[in-house]
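Enquirer: just a sequence and a predicted model for now, questions to come.
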Amino acid sequence: MSNENGVPPGVQGQLIEVRLWGKRNIGGQMVEAEKLAVEYQYQVRGQKHIGRAPAFYTLMYPETLNFSKRLAVGGDVEVRYNPAEPNESVLLPGLRKGTPFLGPRVLPRYHAGRYNRCHDTLVGG
């Protein structure tokens, strides 16, 4: 179940990989910074899981670069997971900062374990 703020439960995990890709001109240099790939491992009720989603939304530059600088491979991370499907997880729950609230039909979050992972919508919300 989510807490009263709609944030899914969290567990400690470990970051396995952080990789930037896609060239971007930063300060006159072409740098791999456009896209971000992550991999992390975590356990829920004794079951090991691997996650690859940094957030519900696609991280864009400079979010990608900031994320990669903030977290080190091998370091601990807080993993938020769907209690009904613990193999579904993210590191950054919620909407992108500055995104207007669009209502419960399009808000990509867990609601009493009834998250529709195919369409990022609430079922019966």
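Expert: Done, it's in. Here the structure is a predicted model, which means the values were calculated and not measured. Numbers count the residues shown, from 1 in each chain.
Enquirer: contacting residues for the residue positioned nearest the centre of the chain?
Expert: Ranked by distance to the mean C-alpha position of the chain (CA atoms, centre = their mean), the top residue is Ala55 at 2.3 Å. Residues near Ala55 by CB atoms under 8 Å, 6 or more residues apart in numbering: Val90, Leu91, Leu92, Pro93, Arg96. From N, CA and C alone the C-beta is placed, and that goes for glycine too.
Enquirer: what's the answer for Val18, then?
Expert: Contact analysis of Val18 by CB under 8 Å, 6+ apart lists Leu36, Ala37, Val38, Phe67, Ser68, Leu71, Ala72, Val73.
Enquirer: which residues touch Asn68?
Expert: One thing to correct before we go on: residue 68 is Ser, not Asn. Ser68 makes contacts with Val18, Leu20, Leu36, as judged by CB under 8 Å, 6+ apart.
Enquirer: how about 6 Å then?
Expert: Taking CB atoms under 6 Å, 6 or more residues apart in numbering as the contact definition, Ser68 lies against Val18, Leu20.
Enquirer: distance check, it against Lys35.
Expert: 11 Å (CB to CB, to the nearest Å).
Enquirer: for the residue nearest to the centre of the chain, give its distance to Arg19.
Expert: 16 Å.
Enquirer: before we move on, what about Glu32?
Expert: Counting by CB to CB, the separation of Glu32 from Arg19 is 8 Å.
Enquirer: for the two, indicate the residue with more neighbours.
Expert: A direct count of neighbours by other CB atoms under 10 Å for Glu32 and Arg19 places Glu32 higher, at 16 against 12.
Enquirer: list the beta-bridge partners for the residue nearest to Met30 when sequence neighbours are not counted.
Expert: Nearest residue to Met30, sequence neighbours excluded (CB to CB, 6 or more residues apart in numbering): Lys23, at 4.6 Å. For Lys23, the beta-bridge partners under DSSP bridges are Glu32.
Enquirer: check Glu85 too.
Expert: Asn82.
Enquirer: for Gln29, give me phi and psi.
Expert: Torsion angles at Gln29 (phi, psi; degrees, to the nearest 10) stand at phi -110, psi 140.
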